[in-house]
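Peer 1: Provided below are the primary sequence and the corresponding predicted coordinates.
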Amino acid sequence: MRLDEDETELLPWGVVDPAFWQTDVEPDPGPIEHADTASTTSTATETVPVTDDTAADQGDEAGVPEEYGPQVARITAAFVDPEPPRLEAAAVEAALLDAQLTARYGERHPHTVNARELRGWLALLSGDPSTAARWYLHTASTNATLAGPTAPNTVASAQRAVHCWSRVTDVATLLETGPSLSALVASSLGSGSDTARYVRTRLAGHTSDPASPTAGTVSEK
């Protein structure tokens with residue numbers, strides 16, 4: 001599955017460089033819709049404060065150890081040439097990276113979230129938008145817990161979740177994930193944002209006519 005021009009703006013971090021490994025450097029998500037703070041519910045998501053104790057729990061080093069660099073390079077190479085064999089190999093590599101980072105840093109760490117963002121994009125490139133949407137719902141929710149619902153990383157993950165969800169054609173999956181996505185987008189971008197309205201409209205269209213697998217889908221360019 002090749003990327004459309006607009007999809008390249010949603011790539012996790014674009015080209016991975018040494019800054020990727022710094023915990024205090026936020027990845028560039030590309031153009032994003034800014035949060036509508038007037039209609040955002042600040043109590044929708046618990047924010048974990050960063051203290052000396054929680055920082056210690058995230059590991060002693062400022063960045064991911066250098067030995068993970070080649071793994072990330074092999075995974076992201078599949079973004080450029082997304083042929084099935086390369087995507088399959090990258091998916092295996094990404095699952096291993098996820099397991100390694102989870103074991104070392106835990107579930108609630110930016111490095112673990114980043115690995116899962118890679119897995120989400122690989123799922124989309126492999127033609128599985130349902131799995132991709134679930135990954136980004138997960139990463140956006142985790143980012144919201146770590147940094148808050150309107151943090152740049154949370155907003156970027158939420159937008160990727162919407163992008164993947166817009167390609168889901170299985171009505172059961174769409175209806176299962178839609179309410180959580182709607183709540184997430186309302187929290188991160190504001191309930192009055194164009195993105196939030198799109199999710200609600202598409203979800204309502206399928207709810208009112210569940211027999212229509214194409215109701216509310218985004219038209220392809």
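Peer 2: Right, received. Where do you want to start? Since this is a predicted model, take the numbers as computed values, not measurements.
Peer 1: what about this protein, any weak spots by pLDDT?
Peer 2: Applying pLDDT under 70 to the chain picks out residues 1-65, 208-221.
Peer 1: ok, now with 90
Peer 2: 1-67, 69, 81, 206-221 (pLDDT under 90).
Peer 1: hey, where'd the helices end up in it?
Peer 2: Assigned by DSSP state H, the helices in the chain fall at 52-57, 69-80, 84-105, 110-125, 129-147, 152-165, 171-189, 194-208.
Peer 1: which helices and strands sit right next to the third one?
Peer 2: Read that as helix 84-105. Helices and strands touching helix 84-105, by 3 or more C-beta pairs under 8 Å, 6 or more residues apart in numbering; DSSP states H and E, are helix 69-80, helix 110-125. All C-beta spots, glycine's among them, are computed from the backbone N, C-alpha and C.
Peer 1: most packed of the ones you listed?
Peer 2: helix 110-125 (a mean of 24; mean count of other C-beta atoms under 10 Å).
Peer 1: tell me the angle of that one relative to helix 69-80?
Peer 2: 30 degrees (axes from the mean of the first three to the mean of the last three C-alpha atoms, to 10 degrees).
Peer 1: tilt between helix 110-125 and helix 84-105?
Peer 2: 160 degrees.
Peer 1: just checking, what packs against helix 110-125?
Peer 2: helix 69-80, helix 84-105, helix 129-147, helix 152-165.
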